[in-house]
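Novice: I'll drop the sequence and a predicted model, then ask my questions.
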Amino acid sequence: MKKTMKSTLRLAALALVAAYGISCCGGAKKACNTACGADCACGDSCACTAACAVDSAKLALQVYDPNQPLNLQDMNLFLEYDKTDTIKVSETVTRKFIYLNDLMTVIVDFDNGPMAQPDPPHSHPAEQISYVAIGECDVYIGDRPVQHLKTGDIFAVPSNVPHTVKSTTKQLRLVDSFTPIRADFIRK
């Protein structure tokens with residue numbers, strides 16, 4: 001019974017991925033260099049009809065298989081907060097992160113609040129979802145009105161849209177997730 005349910009769920013997820021299409025610069029391009037052709041620019045969402053798009057969707061749904069040549073011993077699969085190096089971004093902002101090939105999660109601590117002004121706006125190709133873990137902040141995304149968020153709230157930032165935050169409490173901790181990963185965060 002459990003195997004049948006698992007198979008059904010995997011097929012349903014695959015159907016959803018195929019129905020909504022996938023990003024041409026995402027998994028499809030990795031699985032097939034000709035995915036979607038020249039009709040889609042990087043970051044555009046399109047309904048790829050190429051067979052490789054379906055293959056890519058199948059790859060995304062694969063679960064770890066101990067019979068496959070994946071060495072989990074060499075992968076950083078845990079972020080133990082007290083044992084992970086802190087990266088100093090500025091005098092008042094630090095971050096810690098963990099990542100896989102296409103997904104990155106970053107813990108960002110702002111210890112300078114409440115801030116008089118928001119940080120300068122920035123943008124990046126990665127899509128971002130952020131969880132307010134500690135504190136409160138004002139969030140600025142593109143031309144949307146400023147939104148005040150508190151602990152437990154979440155916000156999403158589309159690719160290449162300018163955004164920033166302004167801490168309104170002494171301490172602010174955000175847990176940011178990015179896809180694709182922010183390669184600029186990784187030290188060479």
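Specialist: Noted; the coordinates are in hand.
Novice: All the helices of this protein, residue numbers only.
Specialist: 2-20, 27-31, 51-60 (DSSP state H).
Novice: Any stretches of this structure with poor pLDDT?
Specialist: Scanning the chain for pLDDT under 70 picks out 1-70, 188.
Novice: can you list the domains in it?
Specialist: 2-63, 81-185 (automatic domain parsing).
Novice: Any idea how far apart the tips of the last one sit?
Specialist: The reference is to domain 81-185. By C-alpha to C-alpha, to the nearest Å, the extent of domain 81-185 from end to end equals 17 Å.
Novice: what comes up buried for stretch 76-95?
Specialist: By 16 or more other C-beta atoms under 10 Å, the buried positions in stretch 76-95 come out as 93, 94. The way it works is simple: take the backbone N, C-alpha and C, and place the C-beta from them, glycine included.
Novice: Same question for stretch 164-172.
Specialist: 164, 165, 166, 167, 168, 172.
Novice: And stretch 107-115, by the same measure?
Specialist: Result for stretch 107-115 [16+ other C-beta under 10 Å]: buried residues 107, 108, 109, 110, 112, 113, 115.
Novice: Just put the residues you listed in TSV and tack on distance to residue 74.
Specialist: Converted to TSV, the buried residues of stretch 107-115 look like this (distance: C-beta to C-beta, whole Å):
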residue	distance to residue 74
107	23
108	27
109	29
110	33
112	37
113	39
115	40
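Novice: now, which of those residues sits nearest residue 155?
Specialist: residue 108 (13.1 Å; C-beta to C-beta).
Novice: and that closest one, what are its bridge partners?
Specialist: Beta-bridge partners for residue 108, by DSSP bridges, are residue 95, residue 174.
Novice: what's it in contact with, if anything?
Specialist: Shown in contact with residue 108 (C-beta atoms under 8 Å, 6 or more residues apart in numbering): 89, 93, 94, 95, 173, 174, 175, 176.
Novice: Repeat that for residue 176.
Specialist: Contacts of residue 176 by C-beta under 8 Å, 6+ apart are 105, 106, 107, 108, 128, 129, 130, 131.
Novice: do you know how far the fourth one is from residue 84?
Specialist: Pointing back at residue 108 there. 13 Å (C-beta to C-beta, to the nearest Å).
Novice: go on, the first one?
Specialist: From residue 105 across to residue 84, the span is 12 Å (C-beta to C-beta).
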